[in-house]
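Visitor: Okay, structure incoming, though there's no sequence with it:
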């Protein structure tokens with residue numbers, strides 16, 4: 001089962017279930033129901049939980065409606081979107097028997113479509129800074145580690161250099177040196 005290229009949109013099972021406030025069937029079971037209804041279905045390259053299908057959205061919601069009939073949910077307020085969807089009778093009678101084509105060859109061989117992260121805490125890191133680590137000591141010298149340039153001694157200022165500060169005069173905005 002390859003991805004359907006002529007179907008531009010995908011649906012997420014979890015988003016559909018969140019709208020109806022019900023449990024989610026397995027992706028294999030949902031694929032089977034869509035295939036048993038005579039439509040095509042495949043996974044999405046964007047979202048591991050996304051499914052692309054050429055079934056109309058009324059059929060998708062009808063399948064979810066049949067699922068909710070078999071798996072009861074809590075009573076929702078009448079203005080809730082799930083209540084509005086469930087108030088209409090479905091136009092389809094869902095067949096929840098497992099279809100042979102519900103698993104692709106890659107899924108049977110257990111080939112991963114979305115690879116896991118290569119290492120723990122993988123992802124965007126803190127932006128670059130001027131932090132010198134012990135790994136960089138060989139380049140900078142042994143006494144330079146996180147601003148410790150004098151081996152733990154406080155830096156002395158050269159008293160021969162004047163410490164000139166510019167101050168603004170209140171009268172005309174003239175800058176004077178002190």
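Guide: Structure's in. What do you need? These numbers come from a predicted model, not from an experiment. Residues are numbered from 1 along each chain as shown.
Visitor: Only C-alpha atoms from now on, for both contacts and neighbour counts.
Guide: Will do.
Visitor: what residues does the one helix or strand residue 67 maps to touch?
Guide: Here residue 67, judged by DSSP states H and E, is contained in helix 57-70. Residues outside helix 57-70 that contact it (CA atoms under 8 Å, 6 or more residues apart in numbering) are 16-17, 22, 33-34, 85-86, 89-94.
Visitor: Could you name the helices and strands sitting against whichever helix or strand comes after it?
Guide: Per DSSP H and E, the first helix or strand lying C-terminal to helix 57-70 is helix 81-87. For helix 81-87, the contact count by 3 or more CA pairs under 8 Å, 6 or more residues apart in numbering; DSSP states H and E identifies helix 13-20 as packing neighbours.
Visitor: buried stuff in the helix it packs on?
Guide: 13, 14, 16, 17, 20 (16 or more other CA atoms under 10 Å).
Visitor: just stretch 39-55 next, same as before
Guide: In stretch 39-55, counting by 16+ other CA under 10 Å, buried: 40, 41, 42, 43, 44, 50, 51, 52, 53, 54, 55.
Visitor: now stretch 64-83
Guide: By 16+ other CA under 10 Å, the buried positions in stretch 64-83 come out as 64, 65, 66, 67, 68, 82, 83.
Visitor: Kindly reformat those as a markdown table containing distance to residue 124.
Guide: Shown next, in a markdown table, are the buried residues of stretch 64-83 (distance: CA to CA, whole Å):
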| residue | distance to residue 124 |
| --- | --- |
| 64 | 37 |
| 65 | 41 |
| 66 | 43 |
| 67 | 40 |
| 68 | 40 |
| 82 | 37 |
| 83 | 41 |
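Visitor: Now do the helix holding residue 67 against helix 13-20, angle only.
Guide: Helix 57-70 runs at 70 degrees relative to helix 13-20, counting by axes from the mean of the first three to the mean of the last three CA atoms, to 10 degrees.
Visitor: Got a quick ChimeraX command for the buried subset of the contacts of helix 57-70?
Guide: Only the buried entries of the contacts of helix 57-70 go into this ChimeraX selection, using 16+ other CA under 10 Å:
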select :16,17,22,33,34,85,86,90,94
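Visitor: Greatest separation within the contacts of helix 57-70: which pair is it?
Guide: Pairwise distances among the contacts of helix 57-70 were taken by CA to CA; the largest, 20.0 Å, belongs to 22 and 91.
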